[in-house]
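Chemist: Task: produce atomic coordinates for the following.
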Amino acid sequence: MPFAEPLQRLSEQVNGLIEKLLLVAGVAISLILFVQVVARYMGESLSWSEEVGRYLLVTTTFFGATVAYKRAHFIGLAGFGAKFGLLVEQIIVRGLQLLTLGCFWLITWYGTIYTIKAWDQTSTAVQMPMSLPFSVVPLAGLIFVLHVLADMTKLKVPKA
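Modeler: Next comes the predicted model:
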């Protein structure tokens with residue numbers, strides 16, 4: 001396939017960027033929670049810390065799942081069809097990839113719809129548009145779609 005190599009490179013580059021983003025988000029969550037504990041110990045409370053921490057946690061969950069998929073750290077059905085031969089096993093894998101692609105495309109589609117609907121709503125403490133934290137869902141969905149498409153270009157089904 002002529003687009004297989006660029007698709008693989010794009011998938012790797014996006015994954016590398018997401019891994020860096022996850023590092024920054026993890027450090028930010030840790031610092032925010034530490035500062036919140038210190039502030040409460042001193043008799044103060046940071047009204048925004050729980051909200052920002054929650055949104056960062058949701059971000060790390062969705063984007064972390066894309067990295068887990070890329071690294072193949074999800075539970076899989078590898079070898080399920082091996083008893084029936086390589087061709088059957090690879091057909092099963094291709095079918096699962098198509099189902100996965102459809103699922104991630106639906107997540108992207110409906111995530112985009114909800115993100116647009118949330119444009120006029122604002123968060124309680126930070127007063128930012130709620131579409132900002134909601135946008136993590138369709139972005140992660142698009143990254144999943146990219147990774148699945150990249151995986152699909154790697155699989156070669158032998159001829160019977």
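Chemist: List the buried residues in the helix or strand hosting Arg94.
Modeler: Applying DSSP states H and E as the criterion places Arg94 in helix 86-117. Neighbour-count burial for helix 86-117, counted by 16 or more other C-beta atoms under 10 Å, picks out 89, 93, 100-101, 104, 107-108, 111-112, 115. Yep, even glycine has a C-beta here, placed from its N, CA and C like the rest.
Chemist: Dump the residues you listed to JSON lines, plus distance to Ser131 and pLDDT.
Modeler: Output for those, formatted as JSON lines (distance: C-beta to C-beta, whole Å; pLDDT from 0 to 100):
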{"residue": "Glu89", "distance to Ser131": "43", "pLDDT": "80"}
{"residue": "Val93", "distance to Ser131": "36", "pLDDT": "82"}
{"residue": "Thr100", "distance to Ser131": "26", "pLDDT": "93"}
{"residue": "Leu101", "distance to Ser131": "25", "pLDDT": "96"}
{"residue": "Phe104", "distance to Ser131": "20", "pLDDT": "97"}
{"residue": "Ile107", "distance to Ser131": "16", "pLDDT": "97"}
{"residue": "Thr108", "distance to Ser131": "15", "pLDDT": "98"}
{"residue": "Gly111", "distance to Ser131": "11", "pLDDT": "97"}
{"residue": "Thr112", "distance to Ser131": "10", "pLDDT": "97"}
{"residue": "Thr115", "distance to Ser131": "5", "pLDDT": "96"}
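Chemist: between those, which is nearest Gln8?
Modeler: Of all those, the one with the least separation from Gln8 (C-beta to C-beta) is Leu101, at 16.2 Å.
Chemist: correct me, but that closest one touches Leu149?
Modeler: Yes - applying C-beta atoms under 8 Å, one finds Leu101 in contact with Leu149, separated by 7.2 Å.
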